[in-house]
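In: next one to model:
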Amino acid sequence: MSKNLWNRMTSSLWTPIVLTAAVLVLLILIRSYPERHPRPLEDSTAAASDSDLGSRAVRDSAHAAVRRVLEGYGLAYRIHKKPKPAPDVWTVQIPPHFAVPSVHLAFQESLAGARVGILKAETDPSTGNTLLQVGVKDSVFFNIHLVPTAEIKKKIGKIAVVIDDFGDRLDDLAYAFFEFEGEITISILPGRRFSARTAQEANRRGCEVILHLSMEPLQTAFREDGYTILTKMPREKIREAFQKAMDQVPYAVGVNNHMGSKATSDRQTMVDVLECVRQKGLYFMDSYTVASSVAYNVAMEMGLPTAKRDVFIDADGSEMAIRMKLQELSKRAKQNGVAVGIGHCHRNMLTALKKEMPRIREEGLRFVPLSEVVE
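Out: The predicted model follows:
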């Protein structure tokens, strides 16, 4: 047998064997490859929708929608923060003869734009209080309590007098203010020569002490001493300045602003400051140095105990002018149940207080620490 013939025969024998082996390998690879099924388009869309509805962005939209309605109607409210997972509670004061159904409907329309709804609405016939649950499906984002004004208890006949700018002196005049004990509140600037000692002495004599926190004004010149809150500060710097100021005023149970017409008009700055106040468990009083201040409203929204100045007692520093302002303060207390006045540490202020406070007490009004009138 020739060599060429042998090669042709062996070649023809191997060809089917190789082809068969290749087919077997291909079949094994196909069977071992995992089968893939396309996800239904409807399932994918539904999952994205659920995630979106439960997101923080939707909650924020719901908050904004409710806030627009409340501000549009001019209704006073405050937000009570609750430990998670309990929903926060918005308490809204409803004036007498106000049409509650109209604000209910306005909530529904505004929330619809945020893809959120009112899950439940209940009214207590005995009190007139209405509870609204706001959320999506079975998730309650927050509750709204509509409370008729008649149901809100007033702190009748109370006057809080805050004396600002302590810290630069600790002399007979300063000690004379301490003798009022719990009837006035002592507000102390940080970083001054006698800041800490003034806080200690005032507290020892039964006075309530608060931090007089320096904040950026609109036009008045000021020095950046490391204690002043500026609108350009990032959150961490505000936290550092606040802590530094607190370290200077031991026994402080609250905070009010010194100057601050620019800072208190800036919402983000006030959110950052008031978060520091919250973390320390303090209350806040808006000295209300400018009509554009948002400090009081932001504090209310955050659920902080807060108050706002009603009268600057010694804008005119003469004794007679101060006595007239104290009389104005007493009238406001009679009308509104409470009134808050701010004065400063000087001789005419002291004299006017000693003369007017007994007369005001005879009218049935009480002078109390600021902590007794914050809400």
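
In: quick test: name the residue nearest the centre of the protein.
Out: The chain has residue 302 as the residue nearest its centroid, 2.4 Å off, counting by CA atoms, centre = their mean.

In: spatially nearest residue to it, not counting backbone neighbours?
Out: Once flanking residues are discounted, residue 302 sits nearest to residue 274: 5.6 Å by CB to CB, 6 or more residues apart in numbering. For the C-beta atoms, the positions are set from N, CA and C on the backbone; glycine is no exception.

In: show me how far the strand or helix carrying the one you found is from its chain's centre.
Out: Assigning secondary structure by DSSP states H and E places residue 274 in helix 267-279. Distance, stretch centre to chain centre, for helix 267-279: 7 Å (CA atoms, centre = their mean, to the nearest Å).

In: please save the CA atoms from that helix in PDB.
Out: The C-alpha trace of helix 267-279 is given here as PDB (Å, rounded to 0.1, in the frame of the first residue of the first chain):
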ATOM      1  CA  ARG A 267     -32.100  80.900  57.500                       C
ATOM      2  CA  GLN A 268     -29.200  78.400  57.000                       C
ATOM      3  CA  THR A 269     -27.100  80.200  59.600                       C
ATOM      4  CA  MET A 270     -29.900  80.000  62.100                       C
ATOM      5  CA  VAL A 271     -30.600  76.400  61.400                       C
ATOM      6  CA  ASP A 272     -26.900  75.700  62.200                       C
ATOM      7  CA  VAL A 273     -26.900  77.800  65.400                       C
ATOM      8  CA  LEU A 274     -30.200  76.400  66.600                       C
ATOM      9  CA  GLU A 275     -29.000  72.800  66.100                       C
ATOM     10  CA  CYS A 276     -26.200  73.700  68.500                       C
ATOM     11  CA  VAL A 277     -28.800  75.000  71.000                       C
ATOM     12  CA  ARG A 278     -30.800  71.800  70.600                       C
ATOM     13  CA  GLN A 279     -27.800  69.600  71.200                       C
END
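
In: what comes up buried for that helix?
Out: The neighbour-count check on helix 267-279 (16 or more other CB atoms under 10 Å) flags 269-278 as buried.

In: how about stretch 199-209?
Out: 199-203, 207-209.

In: now do the contacts for residue 118.
Out: Residue 118 is in contact with 104, 107-108, 111, 132-134, counting by CB atoms under 8 Å, 6 or more residues apart in numbering.

In: which of these fall within strands?
Out: Among those, the ones falling in strands (DSSP state E) are 132-134.

In: highest neighbour count among those?
Out: Highest neighbour count within the ones in strands among the contacts of residue 118, by other CB atoms under 10 Å: residue 134, with 25 neighbours.

In: give me every residue that touches that residue.
Out: 62, 66, 107, 111, 116-119, 140-144.

In: which of the residues you listed sits closest to residue 216?
Out: Nearest to residue 216, judged by CB to CB, of the contacts of residue 134 is residue 66 at 30.9 Å.

In: element containing the closest one, please.
Out: Here residue 66 is assigned to helix 56-73, by DSSP H and E.

In: tell me what that helix is packed against?
Out: helix 100-112, strand 130-136, strand 139-148 (3 or more CB pairs under 8 Å, 6 or more residues apart in numbering; DSSP states H and E).

In: could I get the contacting residues of residue 303?
Out: Residue 303 neighbours (CB under 8 Å, 6+ apart): 78-81, 88.

In: ok so, going back, closest to residue 215 among the contacts of residue 134?
Out: residue 66 (29.1 Å).

In: tell me, how many residues neighbour that closest one?
Out: 25.

In: what about the residue nearest to the centre of the chain, distance to residue 118?
Out: Using CB to CB, to the nearest Å, we find residue 302 at a distance of 24 Å from residue 118.

In: in this structure residue 174 contacts residue 197, no?
Out: No. Contact between residue 174 and residue 197 fails when scored by CB atoms under 8 Å: they sit 9.9 Å apart.

In: ok, those two, which is more surrounded?
Out: Ranked by neighbour count (other CB under 10 Å), residue 174 and residue 197 place residue 174 first, with 21 against 14.

In: and the more buried one, which of the three is it?
Out: Following DSSP: H, G, I helix; E, B strand; the rest coil, the label given to residue 174 is helix.

In: contacting residues around it?
Out: 166, 194, 198, 201, 345.

In: ok, the ones in strands among the contacts of residue 118 vs residue 331, which is closest?
Out: residue 132 (37.2 Å).
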